[in-house]
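Asks: need the 3D shape of this:
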Amino acid sequence: MRVHFIAIGGSAMHNLAIALHLKGYDVTGSDDEIFNPAHDRLAKYGILPKSIGWNPDRITPELDAVILGMHAREDNPELLKAKELGIKIYSYPEYLYEQSKNKTRIVVGGSHGKTTITSMIIHVLRQNGIDCDYMVGAQLAGFEVMVKLSETAPVMVIEGDEYLTSPIDRRPKFHLYRPNVAIISGIAWDHVNVFPTFDIYVKQFEIFAGMVPESGIYIYCNDDDVLREMSAKIAVPKKVPYTVHPHTIVDGVTYLLTGQGDVPLKIFGRHNLSNLNAAKAATLAVGVSEEGFYKAISTFNGASKRLELIARNDNRKCLVYKDFAHSPSKLKATISAVREQYPNHKLVACMELHTFSSLTEEFLRQYAGCMDSADIPVVFFDPHAVAHKKLPPLHAEAVAKSFANDNIEVFDDSNKLKERILREDKENTVFLLMSSGNFGGIDVDAWGRELAD
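Replies: Residues are numbered from 1 along each chain as shown. A predicted model of the protein is given here:
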């Protein structure tokens, strides 16, 4: 098979390209910019484009398929050439479905927790000797790539994003995966540039859940009021509601309370204990025993950038975590998790407004009260990111007002932000650095080590 990727440098796209290369496909690609880690990883496997930019000469009749990334535009010259030649064009999710249509597909949807739940399921299946293909949105320890495709695995686990499929297909990605086992972790309005009202946003999840066949299973978080109400309307014979797993915290370690005794975890937070029950329901549905689940989940270290401990100083009782949290619901859940785990520590919570939604003044109102559990709440936004997204200028006063917290500190200069956090007393303190970006170019891991020093 000869497959060409238009916009191969994307996070998901380059992983799929590597997965197909490892499967024996002849893979080529193009992009107008390729950054690390995609650049070096593509080079490692010998599929890095020889030059940057679009070139319609790369599209030839010998190609079996073209895979179109979201980064490309409708008038992309390679896309137009592929259409002219009548070559089969797939979006990323369409191609994943094509590769998994004869497998049992576990698809994880929701406004938050998707990556963690998907990672948990993959980890548990692997630990229990169940072969599975997968697509997950974060790098996992012990896994070479974020996408695995094979001819033999009976199960595929897919992180089901609700964002648009491609420049020429406006459907949400997770509508294309046709789940046998569907999970929704919660619904909190996001992607306002695509779903302008909350009702339109919720409707996408209702459509997704309704795709589960009669023989399938629909798993949903019963603690989410909107999701619980929506799920009551879903005509699926087998529904499995879940909530937070019973647990206790002793000396900074979370233990699951089970019929087989207390099970220590390497992760923490009520949202993770809810995610864990979603993963349990899904893995039990494909043959894992309860005993096998608990044994495996006790060794789960978490997904990259999801409450990831990046530095600590035991003498000072200082810890530094980084997290991908950026939306209001994720932000609140992550801060609450750290507060519950370290009730006697000072909590310095620093977050970056980085996504399109979060940089929109109208949407900013959703952040009211989200950082109230932190002792020192700090918010950063990069004016260059605002301009790059072609949004109206954002002002620190408006950002501070939106969080409805008199203690909030707002910065739009990364150097001043870094200096402010470094001045904070480190004794008995937890620093929580939350962003889907990098705080305007800061090396977050190095910053964390400096904080703990």
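Asks: now for the helix or strand bottoming out on mean pLDDT in the chain, which elements pack on it?
Replies: Using mean pLDDT, DSSP states H and E, helix 361-364 stands out as the lowest-scoring helix or strand of the chain, at a mean of 84. Here helix 361-364 touches helix 396-403, going by 3 or more C-beta pairs under 8 Å, 6 or more residues apart in numbering; DSSP states H and E. From N, CA and C alone the C-beta is placed, and that goes for glycine too.
Asks: how far off centre is the helix it packs on?
Replies: Remark: helix 396-403 is offset 26 Å from the chain centroid, using C-alpha atoms, centre = their mean, to the nearest Å.
Asks: remind me what the helix or strand just after it packs against, helices and strands.
Replies: Once the chain leaves helix 396-403, the next helix or strand it forms, by DSSP states H and E, is strand 409-411. Helices and strands touching strand 409-411, by 3+ C-beta pairs under 8 Å, 6+ apart, are strand 376-381, helix 396-403, helix 414-422.
Asks: so which of those is nearest Tyr367?
Replies: helix 396-403 (5.2 Å; C-beta to C-beta).
Asks: low-confidence stretches in the stretch 101-250 of the chain?
Replies: Applying pLDDT under 70 to the stretch 101-250 of the chain picks out residues 141.
Asks: all helices for it, in order.
Replies: Counting by DSSP state H, counting those that start in this stretch, the stretch 101-250 of the chain has helices at residues 114-127, 198-209, 225-231.
Asks: just those helices: most buried one?
Replies: The highest average neighbour count among the helices of the stretch 101-250 of the chain, using mean count of other C-beta atoms under 10 Å, belongs to helix 114-127 at a mean of 26.
Asks: tell me what it is packed against?
Replies: strand 104-109, strand 132-135, strand 155-159, helix 270-285, helix 290-297.
Asks: distance from it to the middle of the chain?
Replies: 13 Å.
Asks: most neighbours per residue, which of the helices and strands packed on strand 409-411?
Replies: strand 376-381 (a mean of 24).
Asks: so where is the stretch 351-453 of the chain shaky, pLDDT-wise?
Replies: Short version for the stretch 351-453 of the chain, where the test is pLDDT under 70: none.
Asks: in a strand, Asn4, correct?
Replies: To be clear, residue 4 is His; Asn isn't right here. Yes: counting by DSSP: H, G, I helix; E, B strand; the rest coil, one finds His4 located in a strand.
Asks: was I right about it contacting Ile67?
Replies: Yes: contact criterion C-beta atoms under 8 Å: His4 and Ile67 qualify, at 7.3 Å.
Asks: now do the contacts for Gln366.
Replies: Shown in contact with Gln366 (C-beta atoms under 8 Å, 6 or more residues apart in numbering): Trp189, Pro328.
Asks: only alpha carbons, please: show stretch 305-321 as PDB.
Replies: The C-alpha trace of stretch 305-321 is given here as PDB (Å, rounded to 0.1, in the frame of the first residue of the first chain):
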ATOM      1  CA  LYS A 305       1.200  15.900  31.100                       C
ATOM      2  CA  ARG A 306      -1.700  14.700  33.100                       C
ATOM      3  CA  LEU A 307      -0.900  15.500  36.700                       C
ATOM      4  CA  GLU A 308       2.700  14.500  35.900                       C
ATOM      5  CA  LEU A 309       5.200  15.000  38.700                       C
ATOM      6  CA  ILE A 310       8.200  16.800  37.100                       C
ATOM      7  CA  ALA A 311      10.200  17.800  40.200                       C
ATOM      8  CA  ARG A 312      10.300  17.400  44.000                       C
ATOM      9  CA  ASN A 313      12.400  18.400  46.900                       C
ATOM     10  CA  ASP A 314      11.700  16.200  49.900                       C
ATOM     11  CA  ASN A 315      13.700  18.400  52.300                       C
ATOM     12  CA  ARG A 316      11.500  21.300  51.500                       C
ATOM     13  CA  LYS A 317       8.400  19.200  51.000                       C
ATOM     14  CA  CYS A 318       8.100  20.900  47.600                       C
ATOM     15  CA  LEU A 319       6.500  19.300  44.600                       C
ATOM     16  CA  VAL A 320       5.900  20.500  41.000                       C
ATOM     17  CA  TYR A 321       3.300  19.000  38.700                       C
END
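Asks: give the buried residues for it.
Replies: By neighbour count on 16 or more other C-beta atoms under 10 Å, the buried set for stretch 305-321 is 305-308, 310-313, 317-321.
Asks: now what about that stretch, what contacts it?
Replies: Residues from elsewhere that reach stretch 305-321, judged by C-beta under 8 Å, 6+ apart: 115-116, 119, 138, 267-269, 272, 302, 322-324, 334, 337-338, 342, 345, 426-433, 444-445, 448-449, 451-453.
Asks: from the residues you listed, which would you call buried?
Replies: Counted by 16+ other C-beta under 10 Å, the contacts of stretch 305-321 give 115-116, 119, 138, 267-269, 272, 302, 322-324, 334, 337-338, 342, 345, 426, 429-433, 444, 448, 451-452 as buried.
Asks: and these, which of them are in helices?
Replies: Thr115, Thr116, Ser119, Asn272, Thr334, Ala337, Val338, Val444, Gly448, Leu451, Ala452 (DSSP state H).
Asks: related to what we said a few turns ago, distance to Pro383 added to the helices and strands packed on helix 114-127, as TSV?
Replies: TSV is the format used below for the helices and strands packed on helix 114-127 (distance: least, C-beta to C-beta, whole Å):
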stretch	distance to Pro383
strand 104-109	33
strand 132-135	34
strand 155-159	32
helix 270-285	31
helix 290-297	43
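Asks: nearest to Pro328, out of these?
Replies: Between those, helix 270-285 lies closest to Pro328; by C-beta to C-beta that is 13.2 Å.
Asks: counting by contacts, list what the closest one packs against.
Replies: strand 104-109, helix 114-127, strand 181-184, strand 217-221, strand 239-242, strand 253-258, helix 290-297, helix 328-341.
Asks: quick one: closest of the ones you listed to Leu22.
Replies: helix 114-127 (16.7 Å).
Asks: picking up where we left off before, Pro393: which of the ones in helices among the buried ones among the contacts of stretch 305-321 is nearest?
Replies: Nearest to Pro393 among those, with distances taken as C-beta to C-beta, is Val444, at 25.6 Å.
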